[in-house]
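Student: Got a sequence here, can you model it:
(one chain, ligands or ions: 1)
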Amino acid sequence: MRLEARNLGFCYAGGPWILKDVNFSMEEGERVGLVGPSGYGKSTLVKLLAGYLEPCEGEILLDGKPMEKKGVCPVQLICQHPEKAINPRWKMKKVLEESGMYREEVLEALGIEEEWLERYPRELSGGELQRFCVARSLFGGTHFLLADEMSTMLDVITQAQIWNLMLREVEKRKIGLLAVTHNMALADCVCTRTINLAQVNHIKCAEESGCKNGCEYGTV
Ligand SMILES: Nc1ncnc2c1ncn2[C@@H]1O[C@H](COP(=O)(O)OP(=O)(O)OP(=O)(O)O)[C@@H](O)[C@H]1O
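Tutor: Next comes the predicted model:
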């Protein structure tokens, strides 16, 4: 399977262009690092790739076709702030059950303790909660994992646990991994290739014309 952004352009409503003429593709089984200066649109790009945002221009394709809007999404996003990604009204057990992801060995490898399953998200620390986000993202239908600064806020032990499990699963199941990071050492260690968004985002070339959201091309 191939995940692709073709001639992608995006701006938030009323704002300047964030991404322009971005072309990018990756195959299942690849591990790609996405780096670039702050504010260049890395998080925006992964949200577009995961279907959280709609492109203003261009398209996101899976094996050459637009992604299905219904059903389970084969592209899963893990963001930096797990508290924003989990339903606050559900106990953690229900969160995992709903995703169909309840593999004892994964929970164990992530250091998820039995008693956490009966807690609400607000009763867990950021690191504990992020382990659930990782577990949930690894359900059977996942073909691509987009990890947006997934471990930045965590202590080194939790980081190591999460990355070890993630890399093992990605390797075993030939999942494509796109890791957004500012940590070049992490990118070198985890990824098979690295893309610098500053080199593929053509925002600075755009000067005229309009956007479907009604905003003007802008410069950054
Ligand atoms: N919801 C939003 N509404 C309007 N502008 C936004 C929104 N989210 C992000 N932006 C703007 O879009 C630009 C790109 O943000 P984005 O978070 O994608 O960058 P980034 O490369 O991931 O940055 P960082 O490395 O600091 O996390 C920034 O200028 C940001 O202020």
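Student: who touches stretch 62-75?
Tutor: 1-4, 49-51, 59-61, 100, 139, 141-144, 146 (C-beta atoms under 8 Å, 6 or more residues apart in numbering). For the C-beta atoms, the positions are set from N, CA and C on the backbone; glycine is no exception.
Student: Give the bridge partners for residue 8, please.
Tutor: Partner residues in beta bridges with residue 8, using DSSP bridges, are residue 22.
Student: Quick check, it in contact with residue 48.
Tutor: Yes. Between residue 8 and residue 48 there is a contact under C-beta atoms under 8 Å: 6.5 Å.
Student: re earlier: now intersect the contacts of stretch 62-75 with the helices, please.
Tutor: residue 49 (DSSP state H).
Student: of the contacts of stretch 62-75, buried ones?
Tutor: Among the contacts of stretch 62-75, those buried by neighbour count (16 or more other C-beta atoms under 10 Å) are 3-4, 49-51, 60, 139, 142-144, 146.
Student: hang on, the earlier thing: residues shared between the contacts of residue 8 and residue 48?
Tutor: Counting by C-beta under 8 Å, 6+ apart, the residues touching both residue 8 and residue 48 are 19, 55, 60.
Student: Looking at these, which one is closest to the ligand?
Tutor: Proximity of the shared contacts of residue 8 and residue 48 to the ligand (C-beta to the nearest ligand atom) peaks at residue 19, which lies at 8.3 Å.
Student: wait, what's in contact with that closest one?
Tutor: Contacts for residue 19 were tallied using C-beta under 8 Å, 6+ apart; they are 8-10, 41, 44-45, 48, 201, 203.
Student: Widest-spaced pair of the buried ones among the contacts of stretch 62-75?
Tutor: Of all pairs drawn from the buried ones among the contacts of stretch 62-75, the one with the largest separation by C-beta to C-beta is 4 and 139; the distance is 22.6 Å.
Student: Next, report how far the lowest-mean-pLDDT helix or strand in the chain is displaced from the centre of its chain.
Tutor: Lowest mean confidence among the helices and strands of the chain (mean pLDDT, DSSP states H and E): helix 104-109, at a mean of 83. Average the C-alpha atoms of helix 104-109, do the same for its chain, and the two points are 22 Å apart (C-alpha atoms, centre = their mean, to the nearest Å).
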